[in-house]
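Sequence first, then the predicted structure:
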Amino acid sequence: MPVITAAIDPITRIEGHLKVEVKIDTVNGVQQVVDAISQGTLFRGFEKLLEGRDPRDASLITSRICGVCPTSHSLVSVLAQDAAFGVSGDTPARTASRIMRNLVHGACYIESAILHFYLLSLPDYIPALPMAPWLPGWDVGRRFDPATLSRFTGSFVAAITARRNAHEMGAIYGGKLPHTPANIAGGFTAVSSQADKDAFGAYLNDLIAFIQTKHIPDAELLANLYSDYLLLGRGYGNLMSFGVFELDNAASPQLLFQRGRLVSGSAAVQAVDAAQIVEQIKYSWYTGPEVNPAVGDTVPQYPKGDAYSWLKAPRYGGVPYEVGSLARMMVNGDYSNGISVMDRHVARARENLKVALAMRDMLTELPINQGAFTPFSIPASATSMGITEAPRGALGHWLEVAAGKISKYQVITPTCWNLSPKDSTGQRGPLEQALVGVPVANVDKPIEVLRVVHSYDPCLDCATHVTRAEPGAKVFALGAIPKQS
């Protein structure tokens with residue numbers, strides 16, 4: 001058969017805008033994907049918006065990069081600010097701020113995991129709700145008997161309540177979710193009362209029960225019913241975690257999920273050195289040198305040669321890495337079944353329980369009526385980095401301060417790792433590679449492609465923000481932004 005090109009544009013049930021284009025051919029009698037491109041269709045300009053501002057503004061502004069993981073952005077921003085401002089020490093205030101930061105971030109994790117499985121991915125396997133944005137949909141590849149379908153539908157409805165409860169729980173300390181204003185340089189804005197702890201704990205216990213009785217069993221049942229997807233969507237097999245949830249106040253704290261890498265074919269966890277990260281842009285609509293984000297910049301260039309995405313291509317030591325729940329769980333030795341579509345779903349569900357149980361211990365340790373702020377002074381100049389894990393994977397913010405203002409800011413999100421385009425050597429991004437070899441039964445309704453894409457829980461809100469004008473409109477190149485005096 002001739003090679004068929006199928007494009008899904010936009011891919012829905014993700015945050016933001018994504019186009020995936022696949023080439024399909026018959027190989028050894030199987031109709032399958034033989035090539036793929038992942039295209040972020042919008043430009044993100046938050047890095048440029050920050051230049052010239054007070055560094056303390058960064059946590060509030062970068063929170064708006066994404067509505068699903070805003071807490072992760074505000075948290076990693078204040079980690080970078082704390083490092084730049086010299087905030088340190090093992091004090092009661094630091095303990096209170098660390099724990100409340102963790103609890104609100106954990107609420108974000110629980111909410112996001114429930115959202116991803118039930119509202120964003122499960123509709124690839126069960127009939128869609130008879131309303132937008134679930135319709136129109138492809139009613140193909142269903143494998144459920146009426147009883148199983150009823151079970152998943154019931155869990156879907158319960159997940160909506162559970163997700164809302166996770167937001168309400170996080171808002172007890174965060175003030176509101178999404179976009180909490182509580183993460184600030186030097187600490188946290190809340191002071192916990194016993195009533196706060198009791199209310200938070202009541203929500204948390206209910207969510208733990210939901211995860212134990214619904215999320216984990218449902219993910220494992222889906223994996224059993226679609227066991228062929230335990231062999232699909234592997235990709236390169238390289239996994240990386242930046243580590244998350246600080247457990248003490250040390251300069252290099254112990255983490256609930258450790259920092260590390262797994263290189264395909266090796267069981268040994270290797271160290272992560274952020275200096276080894278380079279943002280490559282040969283196939284991205286940007287110009288400038290390919291450098292570490294600590295000295296990088298965001299300079300768009302469109303059109304540009306063979307470029308096809310507004311996402312850059314971050315590489316660690318020149319190698320593409322998958323990030324996310326599966327990577328965290330495997331780096332920490334909590335999951336070892338494999339790397340596939342269904343492994344991502346099952347690992348995420350099990351991780352959700354690990355996070356929730358750890359939050360229960362943290363809540364016990366949270367001091368009552370303890371302020372959570374450590375005073376500091378903003379230096380005239382500084383460079384720093386904050387790295388953590390958003391629910392979707394490794395997240396980094398790089399900050400440079402000059403004359404007391406932000407002179408440079410760079411962000412690498414999980415989706416930039418997972419859905420990056422090809423790099424300067426022609427290596428596909430992790431999702432692009434994971435799609436190669438996936439069988440497609442119906443090229444007009446490539447549900448198999450959607451299942452692989454959604455298993456990564458992509459979030460293009462984190463990658464892109466400003467759309468391009470219609471054809472024929474005047475387009476003006478973004479020049480240098482004047483420095484504020």
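Perfect, thanks for sending it. All figures in this text were calculated on a predicted structure; none of them were measured in a lab.

quick one, strands of the stretch 51-200 of the chain?
183-184, 187-188 (DSSP state E, counting those that start in this stretch).

Need the contact partners of the first one.
Where contact means C-beta atoms under 8 Å, 6 or more residues apart in numbering, the residues beyond strand 183-184 that reach it are Arg56, Ser59, Thr71, Ser74, Leu75, Ser77, Val78, Arg101, Val104, Phe373. Quick note: C-beta positions are derived from backbone N, CA and C, even for glycine.

what's the average pLDDT for stretch 293-304?
The predicted model gives stretch 293-304 an average pLDDT of 96.

Need the contact partners of that stretch.
43-45, 47-48, 274-275, 277, 279, 285-289, 307, 310, 314, 383, 385, 396, 398, 400, 408, 410-412, 468, 475, 477-478.

buried stuff in stretch 302-320?
Ala307, Tyr308, Ser309, Trp310, Leu311, Lys312, Ala313, Pro314, Arg315, Tyr316, Pro320 (16 or more other C-beta atoms under 10 Å).

circling back to that earlier point, buried only: go through the contacts of stretch 293-304 for me.
43-44, 47-48, 274, 277, 279, 285-286, 307, 310, 314, 383, 385, 396, 398, 400, 408, 410-412.

Can you flag which of the residues you listed belong to helices?
Glu47, Lys48 (DSSP state H).

circling back to that earlier point, the contacts of strand 183-184 in helices, which ones?
Those of those lying in helices (DSSP H): Ser59, Thr71, Ser74, Leu75, Ser77, Val78, Arg101, Val104.

Need the max-distance pair from the residues you listed.
Spatially, the most separated pair among these is Ser77 and Val104, at 13.9 Å (C-beta to C-beta).

between those two, which one's more packed in?
For Ser77 versus Val104, the count of surrounding residues by other C-beta atoms under 10 Å is larger for Ser77: 31 against 27.

low-confidence ranges in the stretch 1-150 of the chain?
Within the stretch 1-150 of the chain, the stretches with pLDDT under 70 are 1, 132-136.

my guess is Ile24 meets Gln31, correct?
Yes. With contact defined as C-beta atoms under 8 Å, Ile24 reaches Gln31; the gap is 6.2 Å.

what do the two both touch?
Shared contacts of Ile24 and Gln31, counting by C-beta under 8 Å, 6+ apart, come down to Val440, Val443.

The two - which one has more neighbours?
When Ile24 and Gln31 are compared for neighbours, Ile24 comes out ahead with 23 against 16, by other C-beta under 10 Å.

Just list the residues touching the closest residue in space to Lys312 that isn't next to it in sequence, thanks.
Take Lys312 and drop its neighbours on the chain: the residue closest to it by C-beta to C-beta, 6 or more residues apart in numbering is Glu279, 4.4 Å away. Contact analysis of Glu279 by C-beta under 8 Å, 6+ apart lists Glu290, Val291, Asn292, Pro293, Gly296, Lys312, Ala313, Pro314, Arg315, Gln410, Ile412.

Keep only those of those that are in strands.
Ala313, Pro314, Arg315, Gln410, Ile412 (DSSP state E).

Hmm, the first one is touching Thr425, no?
No. Shown here, Ala313 and Thr425 do not form a contact pair, counting by C-beta under 8 Å, at 10.1 Å.

And for Asp9, the neighbour number?
11.

what's near enough to touch it?
Lys19, Val20, Glu21, Thr41.

Which of the ones in helices among the contacts of strand 183-184 sits closest to Ala441?
Distances from Ala441 to these, taken by C-beta to C-beta, are shortest for Thr71, at 39.6 Å.

residues in contact with the closest residue to that closest one other than its chain neighbours?
Among residues not flanking Thr71 along the chain, Cys108 sits closest, at 4.1 Å (C-beta to C-beta, 6+ apart). Residues near Cys108 by C-beta under 8 Å, 6+ apart: Cys69, Pro70, Thr71, Ser72, Ala166, Gly170, Leu177, Pro391.

let's see it at 10 Å
68-72, 74-75, 166-167, 170, 174, 177-178, 180, 355, 390-391 (C-beta atoms under 10 Å, 6 or more residues apart in numbering).

Just give the nearest non-adjacent residue to Tyr321, would you?
Closest to Tyr321 by C-beta to C-beta, 6+ apart is Met240, at 4.0 Å.

actually Arg13, not the one I typed
Leu120 (4.6 Å).

burial count for the nearest residue to Asp206 once chain neighbours are set aside?
Of all residues not flanking Asp206 in the chain, Asn165 sits nearest, at 6.4 Å (C-beta to C-beta, 6+ apart). Neighbours of Asn165 under the rule other C-beta under 10 Å: 20.
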